[in-house]
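Peer 1: Okay, sequence plus prediction incoming.
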Amino acid sequence: MAMNTGRKGSACSSRPIDKALVLIAVGAFALFAEIGTSAPVPPVEYVFVEDTQRTVGILRGQRLLIGYLNSNGTFVETSRQSRNGFLSPAPLYTLLNPQSLKPRQVYEFRARRLIKGALAPEGEFTPEIGSKVISFNDYQYSPSALPIWNLPGYFVPKKSRNPEKAREQSPPR
C-alpha cells in the first residue's frame, strides 16, 4: 500500500516486497565491497623488450639531438636541430632527458650495467659517487622504480601477448 504525500509523483512505500528488495540490494553491495577489498592483487611482472629502432631525442644546451640508442645504451645521433627559432621537421621521437627544475634520480644504462646518478635540469647525467653498479638482470622494474633514462627498449607486462600494443600503452620514461 502506497502512502500519498500530497505531491504529484512522490510516494513512500511500506510494502514488504519493497523493503525486502532494498535490504537485498544493500546486502549485495556490502558483500561485493568486502570481496573486492579482501582479495590480494598479485604483483604485475614485467619483461624487457629491446628496441634499438626507436627514434629518441636528447636535449644538449640549445640543441635537440635526434637519433637512436644502440643495444649498449649509447646514443647514436642522426640529426640535430636548434631549439631557438624555427625548427625543421623532425621525426616523431621520445625525449629521453626532458628539462626539469631539479635533478632527477635515475640509472644510466651502460653495456647491461646500471649506474645510479642524477639527471641534471639541463639534461646531463652525473654518476653518484660511491654508488654500486648493478647488473641490468638484477633490476626490478615497476612503474614506481627508479627509471633508466637511456634504456634501449621498454618494459611490458609479462602476460602481454602483443608487445607493440603494450608499448603504445606504456608511458615514456
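Peer 2: Ah, there it is. What you see is a predicted model, and the numbers here were worked out from it, not measured in a lab.

Peer 1: nearest residue to residue 111 other than its sequence neighbours?
Peer 2: residue 72 (4.8 Å; CB to CB, 6 or more residues apart in numbering). Bear in mind the C-beta positions are built from the backbone N, C-alpha and C, glycine included.

Peer 1: Now for that neighbour: which residues touch it?
Peer 2: By CB atoms under 8 Å, 6 or more residues apart in numbering, residue 72 lies in contact with 109-112, 152.

Peer 1: same check, this time on residue 132
Peer 2: So residue 132 contacts residue 116 (CB under 8 Å, 6+ apart).

Peer 1: try it again with 10 Å
Peer 2: Shown here is residue 132, whose contacts under the criterion CB atoms under 10 Å, 6 or more residues apart in numbering are 114-116.

Peer 1: How about residue 76?
Peer 2: By CB under 10 Å, 6+ apart, the contact set of residue 76 is 52, 56, 65, 67-70.

Peer 1: Farthest-apart pair in these, please.
Peer 2: Farthest-apart pair in the contacts of residue 76 is 52 and 65; separation 16.4 Å (CB to CB).

Peer 1: Looking only at neighbour counts, state which of the two leads.
Peer 2: Counted by other CB atoms under 10 Å, residue 52 and residue 65 do not tie: residue 65 has more neighbours, with 19 against 13.

Peer 1: Quick check: the gap between that one and residue 140.
Peer 2: 30 Å (CB to CB, to the nearest Å).

Peer 1: still on that earlier bit, am I right that the residue nearest to residue 111 is in a strand?
Peer 2: No. Using DSSP: H, G, I helix; E, B strand; the rest coil, the assignment for residue 72 is coil, not a strand.

Peer 1: Okay, it and residue 136: tell me how far apart.
Peer 2: 11 Å.

Peer 1: Check residue 46 too.
Peer 2: Taken as CB to CB, the span from residue 46 to residue 136 is 13 Å.

Peer 1: of those two, who's got more company?
Peer 2: Per other CB under 10 Å, whichever of residue 46 and residue 136 has more neighbours is residue 46, with 20 against 16.

Peer 1: Pretty sure the more buried one sits against residue 140.
Peer 2: Yes. Contact criterion CB atoms under 10 Å: residue 46 and residue 140 qualify, at 8.7 Å.
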